[in-house]
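Undergrad: generate a structure from the sequence data that follows.
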Amino acid sequence: MATSENTADFDPGNGVFNLVSAGATDIFVCKLISSGNLEWALRIGGPSSEVAFDIDLDAQNNVYSTGFYFATVDFDPGGGVFNLTSTALGDGYILKLSNSGSFMNAARLGGNSRVRCSSLKLDKTNHIYVTGHFDGEADFDPVADRCC
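TA: Presented below is the predicted three-dimensional model:
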């Protein structure tokens, strides 16, 4: 999990698995098996910048990521569409993927200014803890946005 610009090869071996950025920077999440081989990699992005900061797994090995984004971003890396739209100064997000990389859900943490999510952890009962910073007024109740 990190941020990529333009084109990047996510296969650490001799193969090639390129992902191409849709905007300035995009989020990527990849899974390497214990041998170091690539199992899957995916890209999430829009026309502006998206940044991933942290990742964790729940008790069922679903993947959670957090960071921030600008503009409208489709958080479903597959064939579906799940758009979240930020304020002009950017909002935080929580993304949930299955262990196989399929989209499960995403939520916006935003307000009238900027929100940056920088760390995410799950406890043994799958409660999600997110930390970061904001200015102005912020809405930290993603339940209305169908959180993870």
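Undergrad: going by residue numbers, what spans are strands in this structure?
TA: For the chain, the strands defined by DSSP state E cover 2-4, 7-9, 18-20, 26-32, 38-44, 50-57, 63-69, 72-74, 83-85, 91-97, 103-111, 115-122, 128-134, 138-139.
Undergrad: ranking those strands by mean pLDDT, which is last?
TA: Per-stretch mean pLDDT for these is lowest at strand 2-4 (a mean of 58).
Undergrad: the strands of the chain into a markdown table, with extra columns for mean neighbour count?
TA: Quick note: C-beta positions are derived from backbone N, CA and C, even for glycine. Formatted as a markdown table, the strands of the chain follow (neighbours: other Cβ atoms under 10 Å):
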| stretch | mean neighbour count |
| --- | --- |
| strand 2-4 | 17 |
| strand 7-9 | 13 |
| strand 18-20 | 14 |
| strand 26-32 | 21 |
| strand 38-44 | 18 |
| strand 50-57 | 19 |
| strand 63-69 | 25 |
| strand 72-74 | 19 |
| strand 83-85 | 14 |
| strand 91-97 | 25 |
| strand 103-111 | 21 |
| strand 115-122 | 18 |
| strand 128-134 | 16 |
| strand 138-139 | 16 |
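Undergrad: from Phe28, how far off is the nearest residue to Gly15 once chain neighbours are set aside?
TA: In space, and not counting its chain neighbours, Gly15 is closest to Leu38: 7.4 Å by Cβ to Cβ, 6 or more residues apart in numbering. Applying Cβ to Cβ, to the nearest Å, one obtains 12 Å for the distance of Leu38 from Phe28.
Undergrad: find residues that contact each of the two.
TA: Common contacts of Leu38 and Phe28 (Cβ atoms under 8 Å, 6 or more residues apart in numbering): Phe10.
Undergrad: okay, the residue lying closest to Phe140 once chain neighbours are set aside and Gly45: tell me how far apart.
TA: Using Cβ to Cβ, 6+ apart and skipping residues adjacent in sequence, the residue nearest Phe140 is Leu109, 5.9 Å away. Leu109 sits 18 Å away from Gly45, going by Cβ to Cβ.
Undergrad: quick one on the thing from earlier: in contact with the residue nearest to Phe140, which residues?
TA: Leu109 touches 91-94, 115, 117, 130, 132, 138-140, 142, counting by Cβ under 8 Å, 6+ apart.
Undergrad: my guess is Asp58 contacts Ser98. True?
TA: No. Counting by Cβ atoms under 8 Å, Ser98 is not a contact partner of Asp58; they are 10.5 Å apart.
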